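> please work out how this folds:
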Amino acid sequence: MSGSLTQALAALAGYCALSALLYGRKALGGLGHTVVGFGQAPPFYGHDQSAYVWSLAWAARSLTHLHNPFLAHEIFAPVGYNLAWAASILGPGLLSAPLTLAFGAVATYNLLALAAPAGAAWTAFLLCRHVSGRAAPALAGGLLFGFGMYGTGEAINHLNLALVALVPLAVLLVLRRYEGLTSRRGFILGLGLLLGLQFWTSTEVFASMVMFGGLAFLLAALFAPRASRPQIWRCAGETLGALLVALVLAAPFLYYALSYPNPVSEISTADAGEDLANFVIPSAAIWLHGWKAVARSATELHGNITEQLAYLGVPLILLLGAYALECRRSRLARLLMVFVLVSAILSLGAHLYLDGTSTGIALPWSLVDQLPLLRFAGPGRFVLYMWLAAALAVSCWLARPSRVYLRWAAFALVVVSLTPSLTGPWGTRVDAPRLMRAPALARYIPKGSTVLALPFGIWGDSMFWQVQSDFHFRLAGGYVSVSPPTAYRQYIYLLRALGGGPIEGHPNQRICGFLRMTGTRVIALREGAPGLWAQLLHPLRVPPLRVGGFWVYELGAPGGAPGQCVPPSTRPARGVPPILDSPFPGIRETTPARNRVRSRQ
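Residues are numbered from 1 along each chain as shown. Predicted coordinates:
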C-alpha cells in the first residue's frame, strides 16, 4: 500500500510540474496579473478567462455577502442573469472561496487552470494502473488523457470543460464495485457525491457522462461472457442509485435551472462537431501546426481553436490499430476500440465536415440532438471519452511483456506528435486600468450605480473591471454565456456596435432606449478601444472625462435625461474621443484632431 501511495504522489507531482511547464510559464511569473491560456483570436484573448475569474469572485462574494449565488443582478442590470444556465463553475468557485478571498480571483483561476490537466492526468493514471496493473504504462495513459489534444485545447480558455478529473474516478469506482472491492452503500454514496460535484462544475460534462456511461454499460454487457452480465446489470442499477444521490445534491442547481427561462434555448449546437480531418491535422495549439503544409490545412478546419479537439495524430492512430490487432481476442480490447470509434463518430456532430466544408451527410448525432440537456452540449467535446478509452488502450498495450523497447519507442513518437506549442501565447495579461483600482473610483462612478462598460460583453474586459473594483458597480451587460437575457435581445444589433462592430441603421433611438432600459448612469469607454464611438455615442451630447484609462460619460440620472438623446448629426459632438481601427474588417473612421476632450486629473 505504501508503495502504491508513493507512486500516486510521485505521479501527481510530475503531472503538476508538467502542467506548469507547458501551460503556466507566463502566468506563474504573475499569478495575480496574468491568466493561463489565450483566446480564439487576438481580439478575444483572455475574455473567456474573464468570465471564469468573475465567476470565482462572484462565488466568494455570494458567501461573504449572503447573496444568492445563482441569480446575479450585478450583471445585465436590471434583469440580472441566471447562472444555472451559464458556465459558471459554481462548485469549484464555492469550494475555492478561501483561496479567492486570500489571493484574489485571478490567482485562483490560474491555480485551477494548471491543476485541471494535472488532476485529469492523475485520476486517469489511477484508473489505468488499476486496469493494466503496472505503474509506468499507467503514467503514459494519464499523460495522454490529461495532456492530449482535449486537455491542451480546453486549457486555452475553457476552465469548466478542463476540470474533468472526476470522469476517470467515476469509471474507477464502477470497476471497483464490479470487482467487489467496494460495498454497495459506499459505492452509491461515493459515486453520487462525485457525480454531484461534476454537476456543480459543468452540467454539460455531467450530461455527457450519463450518456457515455450508459453506452459503456451496454457495450460491457455485449462483450462480456453471459455469466458476467447479471453482475454488470446490478452494477448499472446501483449506478442509477448513485445518479439519484447526485440529483439530490444538485437540487438547488436544478431548481434555478428549471424555474427560470433558459437564455440559450434557441441556440443549436448540433453542428458544433469535430472536423473529420482534425483527427490527423493538428490545431495551432500543437507544435506540428508550424509545418507549412499542416498549418495551411489547419486554418481550414471546422470550428475555432478551442473546438478542434479531435487530433489523435498518425502515430497514435497506428498504435491503437496495433493494439486492436494484437489483442483482437481480448474482450477489453474490443470494448475499448468500439468505444473509441463510437465516441469519435458522435463527436462529428449532426453533419459531416471535412476540411472546414460541410458535406451535408447526416450523422448519428442528428437523431439524438433533441435529448434534454444534451441538446445544449457541443458534440465536438465528446472526444473527451474517446481520449479516456484511448488512454486505457495505450496503457494496456504498453503493459504487455513482449517487445517492450519497441512499444515505448512508438509511444515516444505519440508524445512528440501531441506536444503542445511551446511558443504559443500561453498567458494573457489582465487588463487592469487605473480607474478600477483608484480610491477616486467613487468620485466618477457612484457605488451601486449601473455602468455601461465599453467595449461590450465578449469584446471587452468589463468582467475583469468589475472584479477589480470589488463589485463597486453593476454592469449594463457582461459576459457569462453565448446569449444575453431575453430583455437584451431586442438590442442585439446595437450590442454588436457597442462591442466595436459595425453600426446598422440609426442607433440614436436604440442606444437611448437601451440606456433607459438598463438604468445606466455612467458609460466607461476604455481608452484606445477600437470602434465607431463618435458616431455611436454622439446622440448623448455628453462630453466625456478622460480619467484612469477611460473616457467616462456621466449621464446624471439613471438612463440619462430624456433630452440628452438627439438625432445624429453629420459632425461628431465636441469632446468625443477619437475612433481607432475596428476589429471588424473594412471599418475605419477618424475624428478630426481639433475635437478636444476635457479631462480631470
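> average model confidence for the helix or strand Tyr52 falls within?
Taking DSSP states H and E as the criterion, Tyr52 maps to helix 47-64. Mean per-residue pLDDT for helix 47-64: 95.
> which residues in the stretch 1-150 of the chain form helices?
Taking DSSP state H, counting those that start in this stretch to define them, one finds helices in the stretch 1-150 of the chain at 2-23, 47-64, 90-95, 97-103, 105-132, 135-147, 149-154.
> helices and strands around the third one, which ones?
Which is helix 90-95. Judged by 3 or more CB pairs under 8 Å, 6 or more residues apart in numbering; DSSP states H and E, helix 90-95 is in contact with helix 47-64, helix 184-201. Every C-beta, even on glycine, is put in place using the N, C-alpha and C of the backbone.
> extract the CA atoms of the helix or strand that comes right after the last one and return them as CSV.
Downstream of helix 184-201, the next assigned helix or strand under DSSP H and E is helix 203-223. As requested, C-alpha coordinates have been extracted for helix 203-223 and formatted as CSV (Å, rounded to 0.1, in the frame of the first residue of the first chain):
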residue,chain,number,x,y,z
THR,A,203,-23.7,20.4,-16.4
GLU,A,204,-22.5,19.7,-19.9
VAL,A,205,-19.8,17.2,-18.8
PHE,A,206,-22.3,15.7,-16.3
ALA,A,207,-24.9,15.1,-19.0
SER,A,208,-22.4,13.6,-21.4
MET,A,209,-21.0,11.4,-18.5
VAL,A,210,-24.5,10.0,-18.1
MET,A,211,-24.9,9.3,-21.8
PHE,A,212,-21.5,7.7,-22.3
GLY,A,213,-21.7,5.9,-19.0
GLY,A,214,-24.9,4.2,-20.3
LEU,A,215,-23.2,3.4,-23.5
ALA,A,216,-20.3,1.8,-21.6
PHE,A,217,-22.6,-0.4,-19.7
LEU,A,218,-24.4,-1.5,-22.9
LEU,A,219,-21.1,-2.3,-24.6
ALA,A,220,-19.8,-4.1,-21.5
ALA,A,221,-22.9,-6.3,-21.4
LEU,A,222,-22.5,-7.0,-25.1
PHE,A,223,-18.8,-8.1,-24.9
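> please compute how far helix 203-223 lies from its chain's middle.
22 Å (CA atoms, centre = their mean, to the nearest Å).
> ok, and what's touching it?
Here helix 203-223 makes contact (CB atoms under 8 Å, 6 or more residues apart in numbering) with 87, 160-161, 164, 167, 170-171, 174, 195, 198-199, 229, 232-233, 235-236, 239, 243, 246, 253, 257, 331, 334-335, 338-339, 342-343, 371, 373-374, 376-378, 381-382, 384-385.
> buried ones in the helix holding Tyr52?
Buried positions in helix 47-64, judged by neighbour count with 16 or more other CB atoms under 10 Å: 47-63.
> CA atoms only: put that helix into PDB for me.
Presented in PDB, the C-alpha positions along helix 47-64 are these (Å, rounded to 0.1, in the frame of the first residue of the first chain):
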ATOM      1  CA  HIS A  47     -12.100  37.200 -22.500                       C
ATOM      2  CA  ASP A  48     -13.400  33.700 -21.700                       C
ATOM      3  CA  GLN A  49     -11.000  33.700 -18.800                       C
ATOM      4  CA  SER A  50     -12.600  37.000 -17.600                       C
ATOM      5  CA  ALA A  51     -15.900  35.200 -17.300                       C
ATOM      6  CA  TYR A  52     -14.400  32.400 -15.100                       C
ATOM      7  CA  VAL A  53     -12.400  34.900 -13.000                       C
ATOM      8  CA  TRP A  54     -15.700  36.800 -12.400                       C
ATOM      9  CA  SER A  55     -17.500  33.500 -11.500                       C
ATOM     10  CA  LEU A  56     -14.800  32.700  -8.900                       C
ATOM     11  CA  ALA A  57     -15.100  36.200  -7.500                       C
ATOM     12  CA  TRP A  58     -18.900  36.100  -7.500                       C
ATOM     13  CA  ALA A  59     -19.000  32.700  -5.700                       C
ATOM     14  CA  ALA A  60     -16.700  34.000  -3.000                       C
ATOM     15  CA  ARG A  61     -18.800  37.200  -2.700                       C
ATOM     16  CA  SER A  62     -22.000  35.300  -2.500                       C
ATOM     17  CA  LEU A  63     -20.700  33.600   0.600                       C
ATOM     18  CA  THR A  64     -19.400  36.700   2.300                       C
END
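> packing partners of it?
Using 3+ CB pairs under 8 Å, 6+ apart, helix 47-64 sits against strand 34-36, helix 90-95, helix 97-103, helix 105-132, helix 159-162, helix 462-468.
> now distance to Thr6 and mean neighbour count too, for those, in JSON lines please.
Shown next, in JSON lines, are the helices and strands packed on helix 47-64 (distance: least, CB to CB, whole Å; neighbours: other CB atoms under 10 Å):
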{"stretch": "strand 34-36", "distance to Thr6": "29", "mean neighbour count": "27"}
{"stretch": "helix 90-95", "distance to Thr6": "27", "mean neighbour count": "21"}
{"stretch": "helix 97-103", "distance to Thr6": "27", "mean neighbour count": "16"}
{"stretch": "helix 105-132", "distance to Thr6": "13", "mean neighbour count": "25"}
{"stretch": "helix 159-162", "distance to Thr6": "27", "mean neighbour count": "25"}
{"stretch": "helix 462-468", "distance to Thr6": "40", "mean neighbour count": "26"}
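> can I get those in TSV with distance to Tyr444 and mean pLDDT?
Below are the helices and strands packed on helix 47-64 laid out as TSV (distance: least, CB to CB, whole Å; pLDDT from 0 to 100):
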stretch	distance to Tyr444	mean pLDDT
strand 34-36	27	93
helix 90-95	30	96
helix 97-103	27	96
helix 105-132	23	97
helix 159-162	32	95
helix 462-468	13	95
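> picking up where we left off before, looking at the helices of the stretch 1-150 of the chain, which is closest to Gly513?
Of all the helices of the stretch 1-150 of the chain, it is helix 47-64 that lies closest to Gly513, at 26.4 Å by CB to CB.
> cool, thanks, signing off.
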